[in-house]
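Chemist: Sequence and predicted structure, then a few things I'm wondering about:
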Amino acid sequence: MECIAYKAGYKYQLKEDYESPIDIRQDVNVVTQFIELTPDGVLTIRKGYAWDGPSGPTFDTLNFMRGSLVHDALYQLMRERHLDEDTYRNKADRLLQKICREDGMSMIRAWWVYEGVHLFGKPSADPSRDKPFTRAPEGCPQSA
């Protein structure tokens, strides 16, 4: 039987590489299949990266998309233990707020965005909460 393995829960897929300097730095270069973070704070998210967009009781607006991309990538690095959650989670949350403001979001909405992820986002950065994968069709073995 031919099987596929996939992860559910994603709405968007990056169609071009995205690169930006950010104020998150550590001593080592982090390189994953779709994300790279250099010691001098250059974040690269590769074409093909999938993310779920803005989370919570909100709307997926254009002034929220870039921030949600960067934030989701940084939280993924925390889940995968490339970044320490205690050290970098608040920095990632503040960066989301900053990018949303740069992209034209109102100050009040950007503040609510920050408060939402700061208060309720911890499980999304937790390494034990990585999205499971599923194999299809029915009858495929579910373990790698």
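Modeler: Cool, the structure landed.

Chemist: which SSE is the residue nearest the centre of the chain in?
Modeler: Nearest to the mean C-alpha position of the chain, counting by CA atoms, centre = their mean, stands residue 72 at 1.1 Å. Per DSSP states H and E, residue 72 falls inside helix 62-79.

Chemist: can you check residue 95 too?
Modeler: Under the criterion DSSP H and E, the helix or strand holding residue 95 is helix 85-102.

Chemist: Alpha carbons of that helix, as CSV, please.
Modeler: Only the C-alpha atoms of helix 85-102 are listed here, as CSV (Å, rounded to 0.1, in the frame of the first residue of the first chain):
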residue,chain,number,x,y,z
GLU,A,85,11.1,29.1,25.4
ASP,A,86,11.9,31.0,28.7
THR,A,87,14.4,33.2,27.1
TYR,A,88,12.8,33.9,23.7
ARG,A,89,9.0,33.6,24.0
ASN,A,90,8.3,37.1,25.1
LYS,A,91,10.7,38.5,22.5
ALA,A,92,8.8,36.6,19.8
ASP,A,93,5.5,37.9,21.1
ARG,A,94,6.8,41.5,21.1
LEU,A,95,8.2,41.0,17.6
LEU,A,96,4.7,39.9,16.5
GLN,A,97,3.3,43.1,17.9
LYS,A,98,6.1,45.3,16.3
ILE,A,99,5.6,43.7,12.8
CYS,A,100,1.8,44.1,13.0
ARG,A,101,2.3,47.8,13.8
GLU,A,102,4.9,48.2,10.9
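
Chemist: following it, which helix or strand comes up?
Modeler: Sequence-wise, the next helix or strand downstream of helix 85-102 (DSSP H and E) is helix 107-120.
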